[in-house]
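S.K.: Predicted model follows, preceded by the sequence.
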Amino acid sequence: MRPILRAEGLSKAFGRLLAVSGVNLEVAAGSIHAIIGPNGAGKSTLFDLLSGAKRPDRGRVYFLDKEITHIAVEERIRLGLSRTFQVPQVFTNLTARENLIIALEAAHSLSSYPWPRKSRFLEEEASALLERLGLEEQASRLVGELAHGDQRLVEIGLALCLRPKLLLLDEPTAGMSDAETWRTVQTLKSLHREEGLTLLFIEHDMAVVFGIADRVTVLHLGEVLAEGTPDEIAKDEKVQAAYLGEEVMAG
Ligand SMILES: Nc1ncnc2c1ncn2[C@@H]1O[C@H](COP(=O)(O)OP(=O)(O)OP(=O)(O)O)[C@@H](O)[C@H]1O
């Protein structure tokens with residue numbers, strides 16, 4: 001299938017440490033693609049290069065066949081490439097609904113709308129998003145008081161306000177209980193199914209990777225060690241060796 005995102009020979013060094021080294025990556029439109037790898041493998045740095053938070057020393061990034069290597073984060077978002085972070089970027093002193101309304105207002109240019117119409121539009125859009133995320137009951141609570149899993153879902157909601165075609169998720173289930181992880185996985189699956197959203201996500205929890213990914217790229221010491229279906233990756237001896245000493249591939 002046609003790639004929505006393509007990276008060619010991406011490299012990024014911090015001093016003498018080569019964090020990302022000659023990475024080639026293709027993310028098929030409509031896929032759920034996981035990036036895995038031991039701690040320090042370069043996963044977050046790769047995300048920074050793809051989302052525009054950092055610039056590569058070498059290599060190119062293409063989104064929908066347009067080269068985006070040197071364009072700003074905001075422009076990438078406008079093209080349809082959004083991301084979430086390891087620590088949720090949300091307004092903790094506002095409610096879940098208020099968070100979404102602010103993001104929706106910023107995402108749509110509504111300045112010419114008369115206020116009643118604008119207000120109704122924002123309320124309706126926020127309600128629809130809260131329902132899609134399963135956050136109706138939490139809508140009027142301060143985000144800072146919500147469970148960690150719900151805060152992360154609010155952050156995903158903020159990214160969805162921008163109507164992305166591709167969503168980059170940095171460890172979407174990190175720090176979640178089993179129940180929160182399950183709920184997040186179901187929500188991501190339904191967003192993928194119902195909205196045709198392509199997902200690229202970094203994940204340490206192999207149950208999540210094997211539960212939803214149709215493609216997996218393994219990074220190790222900044223390089224692509226292997227790429228394939230979850231089953232191919234689970235059987236790969238190079239991958240098993242790279243994870244030696246970590247428990248993540250067990251089971
Ligand atoms: N700003 C920075 N300055 C110096 N070194 C950095 C910086 N950011 C990352 N590194 C180093 O680059 C390497 C890759 O880090 P990165 O965070 O991309 O890995 P990761 O695979 O996301 O790790 P983790 O799974 O622990 O989050 C690590 O050795 C890290 O210490």
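M.R.: Received it, and whenever you're ready, just let me know what you need.

S.K.: Tell me who's in contact with the residue nearest the centre of the chain.
M.R.: Taking CA atoms, centre = their mean as the criterion, residue 169 is the residue nearest the geometric centre of the chain, at 1.6 Å. For residue 169, the contacting residues are 83, 84, 156, 188, 199, 200, 201, 202, by CB atoms under 8 Å, 6 or more residues apart in numbering. For glycine as for every other residue, the C-beta is placed from the backbone atoms N, C-alpha and C.

S.K.: Kindly provide the distance from the fifth one to the ligand.
M.R.: So that's residue 199. 17 Å (CB to the nearest ligand atom, to the nearest Å).

S.K.: Give me the pLDDT value at that residue.
M.R.: Here the pLDDT value assigned to residue 199 is 97.

S.K.: likewise residue 103?
M.R.: Value for residue 103, per-residue pLDDT: 89.

S.K.: give the contact list for it.
M.R.: With contact set as CB under 8 Å, 6+ apart, residue 103 has these partners: 157, 158, 161, 162.

S.K.: picking that back up, now intersect the contacts of residue 169 with the helices, please.
M.R.: Judged by DSSP state H, the subset of the contacts of residue 169 located in helices is 156, 188.

S.K.: Which member of the contacts of residue 169 is positioned nearest residue 24?
M.R.: Nearest to residue 24 out of the contacts of residue 169 is residue 200 (CB to CB; 14.5 Å).

S.K.: Contact partners for the closest one?
M.R.: When contacts are taken as CB under 8 Å, 6+ apart, residue 200 is in contact with 5, 27, 33, 34, 35, 50, 166, 167, 168, 169.

S.K.: circling back to that earlier point, which one of the contacts of residue 169 sits in the busiest neighbourhood?
M.R.: With neighbours defined as other CB atoms under 10 Å, the most crowded of these is residue 200; it has 27 neighbours.

S.K.: Show me what that one is bridged to.
M.R.: Beta-bridge partners of residue 200, counted by DSSP bridges, are residue 33, residue 168.

S.K.: Look up how far the ligand lies from it.
M.R.: When CB to the nearest ligand atom is applied, the distance between residue 200 and the ligand equals 14 Å.

S.K.: got it, and residue 193?
M.R.: Applying CB to the nearest ligand atom, one obtains 28 Å for the distance of residue 193 from the ligand.

S.K.: confidence score at that residue?
M.R.: The predicted local confidence for residue 193 comes out at a pLDDT of 91.

S.K.: Can you tell me how far it is from residue 212?
M.R.: From residue 193 across to residue 212, the span is 11 Å (CB to CB, to the nearest Å).

S.K.: Compare neighbour counts for these two and give me the winner.
M.R.: For residue 193 versus residue 212, the count of surrounding residues by other CB under 10 Å is larger for residue 212: 19 against 10.

S.K.: Leaving out sequence neighbours, find the closest residue to that one.
M.R.: Nearest in space to residue 212, with sequence neighbours left out and distances taken as CB to CB, 6 or more residues apart in numbering, is residue 32 at 5.2 Å.
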